[in-house]
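K.L.:
Sequence and predicted structure are below.
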Amino acid sequence: MEYIKNNLDEVEERIQAACKRAGRDRSEVQLIAVSKTVEADVMNASIDFGVTDLGENRVQEIRRKYDDVKAAKWHLIGHLQTNKVKYIIDKVDLIHSVDSYRLAEEISKRAEKHDKIMSILLQVDMANEAQKFGVDSDEVKSLLDEILKLEHVKVEGLMFIAPFVSDPEEVRDYFKSMKNLFDELKANRHERLELKHLSMGMTNDFEVAIEEGATLLRVGTGVYGKRTYK
Ligand SMILES: *Cc1c(COP(=O)(O)O)cnc(C)c1O
């Protein structure tokens, strides 16, 4: 699986170059290898080559692969249905896709049963793609205030999925708006609130995302190659 090593080296070079351009330290940016559709043996090879964080978008797939994958941090990056929270509450380290109070409430309830506090991000529909998931940017503040009442979730930041475009410059303004919103919310002090993560940037656009302040990159194709859906 030498190709995984080569891919990781290439992604690492791109990350470092973008950090340099942006005057940011490499340690401010964490790579999440998005392993959806990738089998456990390949994921394990990537872990051997230094991957520490895995991203998955489907609950069922996490359950299927979880026991076969070496120790790593798991990120749920896809839409989460309330009735599936119970299956992943003891498996994932960060849920990126919270976009309603009802979902946060269920996460808090399930986390309490496991005697833990679940870290979450709020997914923002910054590009106003009404058909997609995520909370409207002007509703993030009120959702955050509501979620702060829940004792077993900890909001650690925001997540954004940019529209797919051929030229990533086209989404730079969305990343900028995400960073502005993130900084605004950071001014909001609360004991259970420690905003530190801005999850944005995928294979096609992560350099622009780094330049605009991303801290978590979700890179699938760049690490594992083109996905084949069964
Ligand atoms: C699949 C996926 C990614 C990774 O996409 P690539 O273009 O393969 O890097 C990132 N974020 C989310 C939410 C995804 O579903």
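P.N.:
Cool, got the structure.
K.L.:
Check the gap between residue 44 and residue 152 for me.
P.N.:
Residue 44 sits 31 Å away from residue 152, going by Cβ to Cβ, to the nearest Å. Any C-beta I mention is one placed from the backbone N, CA and C, and that applies to glycine too.
K.L.:
got the buried residues for stretch 169-180?
P.N.:
Buried residues in stretch 169-180, defined by neighbour count with 16 or more other Cβ atoms under 10 Å: 171-172, 174-175, 177-179.
K.L.:
Cross the residues you listed against helices and list the overlap.
P.N.:
172, 174-175, 177-179 (DSSP state H).
K.L.:
Remind me what the longest helix anywhere in the chain packs against, helices and strands.
P.N.:
Longest helix of the chain, by residue count under DSSP H: helix 2-22. Counting by 3 or more Cβ pairs under 8 Å, 6 or more residues apart in numbering; DSSP states H and E, the packing neighbours recorded for helix 2-22 are strand 30-34, helix 40-48, helix 206-211, helix 221-224.
K.L.:
one more time with 7 Å
P.N.:
Applying 3 or more Cβ pairs under 7 Å, 6 or more residues apart in numbering; DSSP states H and E, one finds that helix 2-22 contacts helix 40-48, helix 206-211, helix 221-224.
K.L.:
Of the ones you listed, flag the one that's most buried.
P.N.:
helix 206-211 (a mean of 23; mean count of other Cβ atoms under 10 Å).
K.L.:
need the next SSE after that helix, C-terminal direction.
P.N.:
Beyond helix 206-211 on the C-terminal side, the first helix or strand identified by DSSP states H and E is strand 216-219.
K.L.:
Enumerate the residues of this protein near the ligand.
P.N.:
34, 36, 57, 77-78, 161, 202-204, 218-222 (Cβ under 6 Å from any ligand atom).
K.L.:
Just the buried ones from these?
P.N.:
34, 36, 57, 77-78, 161, 202-204, 218-220, 222.
K.L.:
got a list of contacts for stretch 90-100?
P.N.:
With Cβ atoms under 7 Å, 6 or more residues apart in numbering as the test, stretch 90-100 has contacts from 62, 66, 73-80, 104, 107, 114, 118-123, 133-135, 159, 199.
K.L.:
Quick check: residue 55 is in a helix.
P.N.:
No. Residue 55 is assigned strand when assessed by DSSP: H, G, I helix; E, B strand; the rest coil, not a helix.
K.L.:
what sits against it?
P.N.:
Neighbours of residue 55 in contact, by Cβ under 7 Å, 6+ apart: 32-35, 75, 77, 218.
K.L.:
Thought residue 37 was touching residue 229, still the case?
P.N.:
Yes. With contact defined as Cβ atoms under 7 Å, residue 229 counts as touching residue 37 (6.0 Å).
K.L.:
Same drill for the two, tell me which one is more crowded.
P.N.:
residue 37 (17 against 5; other Cβ atoms under 10 Å).
K.L.:
contacting residues for the more buried one?
P.N.:
227-229 are the contacts of residue 37 under Cβ under 7 Å, 6+ apart.
K.L.:
and residue 125, how many neighbours does it have?
P.N.:
With other Cβ under 10 Å as criterion, residue 125 counts 19.
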